[in-house]
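> I'll drop the sequence and a predicted model, then ask my questions.
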Amino acid sequence: GAVVSQHPSRVICKSGTSVKIECRSLDFQATTMFWYRQFPKQSLMLMATSNEGSKATYEQGVEKDKFLINHASLTLSTLTVTSAHPEDSSFYICSAIPHYNTEAFFGQGTRLTVV
Amino acid sequence: GQNIDQPTEMTATEGAIVQINCTYQTSGFNGLFWYQQHAGEAPTFLSYNVLDGLEEKGRFSSFLSRSKGYSYLLLKELQMKDSASYLCAVEDGNTGKLIFGQGTTLQVKP
């Protein structure tokens, strides 16, 4: 199956700093990628849809100025958590759907801890 | 609006059969996915149903009834490694987004 690589897998940062998470489709092009957040013992919540070459579409309640998304190429989307606070600590996961498939492939996820 | 319901937790015995139900109400429907997620890991794909009926894949089967807004995942010959969270997700026909249910945590006991 298709491979989606997410980096880093774990990151600890200080409150007030920014963290960048990368999501790459390794063997297919993805015009659209999705970013999810998952709190402990809860399901995945869609944060935003990342569109190559255009602005991301954010879900209701997600601050676009806090969670900056850049989809500069057909294989890379980045999520930057700006001015991170402890309540931003969560598991962030990206996914992408190849144009030839209906199945969404997920990255490995990034465990963010803000101290 | 979107609403997807699954039981929060289930317990079953090794070697047995378990059925995890999912009901949904969505504004648009393209298909329904089931994913397995072990703690701290990304979800892995199990099945995809777009037409009514049963899809069988080894020990796992998934059923869909579009008219009833209902699906289930059937796991046979349970193994200890099947202890995980099982996520039902509906693909919105209007946006292409995946909307996830809250997930069902399955515990398999010896």
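That came through, no problem.

> any idea what residue A:4 is bridged to?
Counting by DSSP bridges, residue A:4 forms beta bridges with residue A:25.

> contacting residues around the residue lying farthest from the centre of chain A?
Note on chain A: the largest C-alpha distance from the chain mean falls to residue A:100, namely 21.8 Å (C-alpha atoms, centre = their mean). By C-beta atoms under 8 Å, 6 or more residues apart in numbering or on different chains, the residues touching residue A:100 are residue A:28. Glycine gets a C-beta too; all of them are placed from N, C-alpha and C.

> again, but for residue B:57
B:46, B:47.

> what does chain B put close to chain A?
Residues of chain B found near chain A (C-beta under 8 Å from any C-beta of the partner chain) are B:30-31, B:33, B:40-45, B:48, B:50, B:87, B:91, B:95-103, B:105.

> what's the average pLDDT for stretch A:83-92?
Stretch A:83-92 carries an average pLDDT of 95.

> pull out the buried positions in that stretch.
Across stretch A:83-92, burial judged by 16 or more other C-beta atoms under 10 Å in any protein chain shown covers A:84, A:88, A:89, A:90, A:91, A:92.

> circling back: in three-state terms, label the residue farthest from the centre of chain A for me.
coil (DSSP: H, G, I helix; E, B strand; the rest coil).

> go ahead and confirm residue A:57 touches residue A:47.
No. Judged on C-beta atoms under 8 Å, residue A:57 makes no contact with residue A:47 at a distance of 10.2 Å.

> higher neighbour count, the two?
Applying other C-beta atoms under 10 Å in any protein chain shown to residue A:57 and residue A:47 shows that residue A:47 carries more neighbours, namely 24 against 17.
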